[in-house]
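Chemist: build me a structure from this.
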Amino acid sequence: EHFRIHPKGTGVICIEPSGIRPFEFITEYLGELYPAWRWCEKQDAIEDALQALGLKPALPDFYNILLERPRGDANGYGLAFVDASRKANLGSSLSHSCNSNCYTEVVGQEGKLTIAVCSDREVAY
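Modeler: Numbers count the residues shown, from 1 in each chain. Here you go, the predicted model:
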């Protein structure tokens, strides 16, 4: 039996001879932002459309990440989904390595929350 698998990333590789130090900012994780309720509506609509068209269920969506607003935020605690399946940058593919060398962290930048991708160990040339 044949089955489809998603390609996975290699983590961050470095083309600079100096390499990348541990805990260094690499890039932001960009994508479309959805509040949790809207994300669930979107997923339900996709499932309904697949059923109505008689299509097989799609493979799991690996290109999303949760952004958690800090509990001390003046706007209140909350979760949002960042969907990088259609609008994204290179940062969205860095989270798909089986032996990752990066981590994500929610940080404030110019008054807005963003997801930073940072190295968790040295990345050699």
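
Chemist: the helix or strand bottoming out on mean pLDDT in the chain: partners in the sheet, and parallel or antiparallel?
Modeler: Lowest mean confidence among the helices and strands of the chain (mean pLDDT, DSSP states H and E): strand 64-69, at a mean of 82. Taking DSSP bridges as the criterion, strand 64-69 sits next to strand 78-83 (antiparallel) in its sheet.

Chemist: helix or strand next in line after the strand it pairs with, which one?
Modeler: Next helix or strand after strand 78-83 toward the C-terminus (DSSP states H and E): strand 102-109.

Chemist: how many other residues sit next to Leu33?
Modeler: Burial of Leu33 is recorded as 13 neighbouring residues (other C-beta atoms under 10 Å). For every residue, glycine as well, the C-beta is placed using N, CA and C.

Chemist: need the contact list for it.
Modeler: Applying C-beta atoms under 8 Å, 6 or more residues apart in numbering to Leu33 gives the contacts Leu67, Ala80, Phe81, Val82, Asp83.

Chemist: please name whichever of those residues scores lowest on pLDDT.
Modeler: Within these, the minimum per-residue pLDDT falls on Leu67 (83).

Chemist: now that residue: how far from Glu110?
Modeler: As judged by C-beta to C-beta, to the nearest Å, Leu67 and Glu110 stand 16 Å apart.

Chemist: one more: Tyr77?
Modeler: Counting by C-beta to C-beta, the gap from Tyr77 to Glu110 is 21 Å.

Chemist: for Tyr34, which non-adjacent residue is spatially closest?
Modeler: Spatial nearest neighbour of Tyr34, chain neighbours left out: Phe81 (4.6 Å); criterion: C-beta to C-beta, 6 or more residues apart in numbering.

Chemist: for the one you found, list each beta-bridge partner.
Modeler: Beta-bridge partners, per DSSP bridges, of Phe81: Tyr34, Leu66.

Chemist: this completes my enquiry, with thanks.
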